[in-house]
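Let me see the structure of the following:
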Amino acid sequence: MKKFLNILICSLLIGTSHAFASTFNYIWYMSLKKDRRKTFMRQPLFITFSANGNRAYIVDGTGKLFSYTMERGIPKAAFFAKGILNKPIAMAKISAVKIAVVNRGSNEIDIIDLKTRKIERIKMQIIPDKIFYKDGYFFVLDRLTGNIYKIKNGTFQVEKTFNHGQKEGFIDFKIRKNKLIALLPISKEIKIFDLQTGKSQKTVKLDKKLLLPVSLDVDKKGNIFICDKDAGNIKIYNSEGALLDIILQKGEKRGELYYPVYISFDKEGKLWIAEEGNGRVEVFDKQNAENKK
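Numbers count the residues shown, from 1 in each chain. As a prediction, this is how the structure comes out:
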């Protein structure tokens, strides 16, 4: 009887694990190809997308900006400004012809006109890190204070502060709908702010087993995806902080992660991951009834 119960329990656990895992079954979709000039990506740090969702932009810490088509990862025009882009770490698309690049080496935000190649250098009183642009405002993470600032385009005056309220600071954030969602890596918490008022709406405590959380994003259902750099995987939580699944694994082969540093969802729900260790960007798609082979 005891043996039968053990077998039954094991069967139930296996069945539950299989059903659970299939909920977040992300499969390898593509790795971004090299540029036309056969220039390899060496240190991808940041991923962002065009407003229409047709183009992906990759910031490489060696001083390069890459652009790719979304569907097939075909390289398009790249902006190489040797001696000008001094340690770029993030960028935001302002318009069809203008981008803003965080230039860590010179502690400034550079507004670049892609047609004329003219550059407006904005010296900052903060140490700019991650950046997003929305409705005429820059949202900039300050590495010095760890806070996120809402800065008016044109005047570059700080109009609002998203305060972490901890001894540590934020390491990453995303803007989704009317919310700003930020990650605290040491306390392993997510803070959710109202984008308009800057007021904190919710704090989500995550699993303390996270090794080194460095980036986050939220899927269309509100699940929180955390990039665990040292573990080489992605941990998925619900909106209350309960661990739902762990996807992908550490390694150097296709579909594996070696020191991932940044994640972002595109408009189709594909997960883009920049890997520092493998020097590449890989894209994963969620397997479902429509695309299951």
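
The closest residue to M91 other than its chain neighbours: how many residues sit nearby?
Of all residues not flanking M91 in the chain, V101 sits nearest, at 4.6 Å (Cβ to Cβ, 6 or more residues apart in numbering). For every residue, glycine as well, the C-beta is placed using N, CA and C. Close neighbours of V101, defined as other Cβ atoms under 10 Å, add up to 25.

quick one: V101 from D113, how far?
12 Å (Cβ to Cβ, to the nearest Å).

D207 too?
Using Cβ to Cβ, D207 is found at 45 Å from D113.

Ok, I131 next?
Per Cβ to Cβ, I131 is found 17 Å from D113.

what do you get for K167?
41 Å.

Between these two, tell me which one has more neighbours.
With neighbours defined as other Cβ under 10 Å, K167 and D113 compare such that D113 has more, 14 against 8.

got the phi/psi numbers for that one?
Per-residue torsions, D113: phi -90, psi 120 (degrees, to the nearest 10).

For it, list the residues it contacts.
Contact analysis of D113 by Cβ atoms under 8 Å, 6 or more residues apart in numbering lists V97, K98, I119.

Now do the SS call for the nearest residue to S31 once chain neighbours are set aside.
The shortest distance from S31 to any non-neighbouring residue, by Cβ to Cβ, 6+ apart, is to E282 (5.1 Å). Secondary structure assignment for E282 (DSSP: H, G, I helix; E, B strand; the rest coil): strand.

about what we covered before: pLDDT wise, what is the residue nearest to M91 at?
pLDDT for V101: 95.

Then K115?
In this model, K115 is scored at 86, pLDDT.

so I89 is in which element?
Per DSSP states H and E: I89 is located in strand 88-93.

helices and strands around that strand, which ones?
strand 44-49, strand 55-60, strand 64-69, strand 98-103, strand 128-134 (3 or more Cβ pairs under 8 Å, 6 or more residues apart in numbering; DSSP states H and E).

how about CSV for those strands, with distance to R143 added?
What follows is these, written out as CSV (distance: least, Cβ to Cβ, whole Å):
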stretch, distance to R143
strand 44-49, 13
strand 55-60, 16
strand 64-69, 20
strand 98-103, 10
strand 128-134, 5
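
C-alpha coordinates for stretch 148-157, PDB please?
The C-alpha trace of stretch 148-157 is given here as PDB (Å, rounded to 0.1, in the frame of the first residue of the first chain):
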ATOM      1  CA  ILE A 148      14.500  57.400 -11.700                       C
ATOM      2  CA  TYR A 149      13.800  60.900 -13.000                       C
ATOM      3  CA  LYS A 150      11.200  62.300 -15.300                       C
ATOM      4  CA  ILE A 151      12.900  64.900 -17.500                       C
ATOM      5  CA  LYS A 152      11.300  67.300 -19.900                       C
ATOM      6  CA  ASN A 153      12.700  67.100 -23.500                       C
ATOM      7  CA  GLY A 154      14.100  70.500 -24.500                       C
ATOM      8  CA  THR A 155      14.600  72.000 -21.100                       C
ATOM      9  CA  PHE A 156      16.100  68.900 -19.500                       C
ATOM     10  CA  GLN A 157      14.700  69.900 -16.200                       C
END
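
what's the model's confidence in that stretch, averaged?
Here the average pLDDT along stretch 148-157 is 95.

Tell me which residues of that stretch come out buried.
Buried residues in stretch 148-157, counted by 16 or more other Cβ atoms under 10 Å: I148, Y149, K150, I151.

which residues touch that stretch?
94, 109, 122, 126, 133, 136-142, 158-162, 170, 173, 180, 182, 198.

Now, these that are in helices?
Among the contacts of stretch 148-157, no residue falls in helices (DSSP state H).
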